[in-house]
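Engineer: Just a sequence and a predicted model for now, questions to come.
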Amino acid sequence: MNYHWNWGIFLEQVKGGDETYLNWLFTGLGWTLAVAISAWLIALSIGIGIGTLRTAPNKGLAWFAATWVELFRNVPLLVQMFLWFFVVPELLPREWSLWVKQDLPAKEFITATLCLGLFTSARVAEQVRAGIQSLSRGQTMAGLAVGFTLTQTYRYVILPMAFRIIIPPLTSEFMNIFKNSSVAFAIGVMELTFQARQMQEDSEQGIETYLAVTVLYFICAFIANRGMAFLEQRTRVPGFIASAK
Amino acid sequence: MIEINNISKWYGQFQVLADCSTRIAKGEVVVVCGPSGSGKSTLIKCVNGLESFEQGDVIVDGTSVGSPTTILSKLRSRVGMVFQHFELFPHMSITENLTIGQIKVLGRSKDEALQRGLKLLDRVGLRSQAEKFPGQLSGGQQQRVAIARALAMDPICMLFDEPTSALDPEMINEVLDVMVELANEGMTMMVVTHEMGFARKVAHRVIFMDHGRIVEDATKDDFFGTPRSERAQLFLSKILSH
Ligand SMILES: Nc1ncnc2c1ncn2[C@@H]1O[C@H](COP(=O)(O)OP(=O)(O)OP(=O)(O)O)[C@@H](O)[C@H]1O
Ligand SMILES: [Mg+2]
């Protein structure tokens, strides 16, 4: 192999610009973090709501939540990305459609974040539902018997425990969202993968580029993992052994 | 205080409760016993509306449990309940377990709730455990905390669903002692239990259930002296023999 290694490439100026390739990658990293973290906030808030509704005594609400999950879980993320970007704006009323296409600021970023957030919300919802169902029915009864309403019982008794139980599977979802954010490149968000491709074409140093990008993704996922482990540790309940009831 | 009027309940085709009626007066202690699956838990949970029923009604201190206009959470906050498996809130310290209902449901101040909680912990002999978590206590201790949690709401009556049957034998008495004391203070109590020693000591009446029916509803002396039904006699001879 007579590949010309050049690890100094990252500090070189990009062609026809006054920034370095490293700048490009860091800009990309910034967008990746922005997409992943905003999408995670959407996924968590909607996922907790939908997952809770799946266990609701009201049949209509439970059905709505189940449909939500199936809808977002059964279509590939990339296809969903294209649907939100190309199809949904066409389906809006004429004026909104025009506004989205012409005036919506950071259109790619918003579309990608929304899409990734909703996609992940279905997966978070499934974890939340499993967490709630792993708790005994007796806990709900105990909450109600104290005089809590059903909402208060969820708020004070069920969800705090369910959340602790599902931290490990939620950790994988949180790590996934960083990795999945690379799909945003397909609709033109200038995130890490997008910038890597630019750099590869521009510099013709593909191997260094993708190795660097690999390391950056790895670091993101690793920090996400450690962050969740810290949370798990902080919320650990003294004397509690996950019981099988 | 508690009136159970002809209630019936079905799970599909299966009738769990068949036309059950009884009355529990203020200050009365009533023990409910009967074979497994006879509907004891279901009956006691109908009293505070944790289980619904299709026919009849339950009246607690003048409030109808079956009426759609009754705010069940309000009613439940006035009726204490103790479960077989304790059901303390595992992520809260013992103190929080005792105060959260007072604060969120009764609207008491944190301070007031804490004072009341600590007083009750004292009473069940667990003051020194206040800052621990449920998972760090023994079964008997957890059940005493559960009783204190119910008492913290200043209930007008107490329901117990087999409070000692999940406990190791050596812990049963520490829980029964608390219950006996409560009964002696005049608390209205409905207690599902097979602890006939407890029934003998403090019960005023004993209800015997079988196949969803109240087969016997007698004063303590009548029940232990001459139970009328054959089923109750058989049941008594079985549980008293060991
Ligand atoms: N959700 C349910 N669906 C169908 N059947 C049920 C349900 N819950 C309880 N049952 C049935 O109802 C009957 C009465 O149950 P219940 O728990 O009231 O009995 P119990 O007298 O408390 O028994 P144990 O001594 O075992 O606690 C049982 O035969 C039980 O199998
Ligand atoms: Mg039972």
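Structural biologist: That came through, no problem. Ligands and ions are numbered 1, 2, ... in the order given.

Engineer: Isn't A:Q139 up against A:M161?
Structural biologist: Yes: in this structure, A:Q139 is within contact of A:M161 by Cβ atoms under 8 Å, at 7.2 Å. Yep, even glycine has a C-beta here, placed from its N, CA and C like the rest.

Engineer: where does the chain dip in pLDDT?
Structural biologist: If you meant another chain, say so; for now it's chain A. A:241-245 (pLDDT under 70).

Engineer: wrong one, chain B
Structural biologist: B:241-242.

Engineer: Can you name the residues that contact A:P93?
Structural biologist: For A:P93, the contact set (Cβ atoms under 8 Å, 6 or more residues apart in numbering or on different chains) is empty.

Engineer: For ligand 1, see how far away it is.
Structural biologist: Plainly put, A:P93 is 48 Å away from ligand 1 if you go by Cβ to the nearest ligand atom, to the nearest Å.

Engineer: phi, psi of that residue?
Structural biologist: phi -50, psi 150 (degrees, to the nearest 10).

Engineer: For B:I172, see how far away it is.
Structural biologist: 70 Å (Cβ to Cβ, to the nearest Å).

Engineer: Then B:K238?
Structural biologist: According to Cβ to Cβ, B:K238 and B:I172 sit 19 Å apart.

Engineer: One more: B:G107?
Structural biologist: Distance from B:G107 to B:I172, by Cβ to Cβ: 36 Å.

Engineer: So for those two, which sits in the more crowded spot?
Structural biologist: B:I172 (19 against 9; other Cβ atoms under 10 Å in any protein chain shown).

Engineer: Just to check, the more buried one is in contact with B:A166?
Structural biologist: No: contact criterion Cβ under 8 Å: B:I172 and B:A166 do not qualify, at 10.1 Å.

Engineer: which residues touch residue 142?
Structural biologist: I'll assume chain A. A:A142 neighbours (Cβ under 8 Å, 6+ apart): A:V157, B:M81, B:F83, B:E87, B:L88, B:F89.

Engineer: try chain B instead
Structural biologist: B:F86, B:L88, B:P134.

Engineer: List just the nearest of those to ligand 1.
Structural biologist: Each of the contacts of B:Q142 was checked against ligand 1 using Cβ to the nearest ligand atom; the closest is B:F86, at 15.2 Å.

Engineer: Surely the closest one is within a helix?
Structural biologist: No: read with DSSP: H, G, I helix; E, B strand; the rest coil, B:F86 is coil and lies in no helix.

Engineer: How about the contacts made by it?
Structural biologist: B:P134, B:G139, B:Q142, B:Q143, B:V145, B:A146, B:A166.

Engineer: contacting residues around A:G206?
Structural biologist: Contacts of A:G206 (Cβ under 8 Å, 6+ apart): A:Q200.

Engineer: Next: the one 4 residues further on.
Structural biologist: With contacts defined as Cβ under 8 Å, 6+ apart, A:Y210 is in contact with A:A196, A:Q200.

Engineer: Equivalent analysis for B:L236, please.
Structural biologist: B:M196, B:F224, B:P227.
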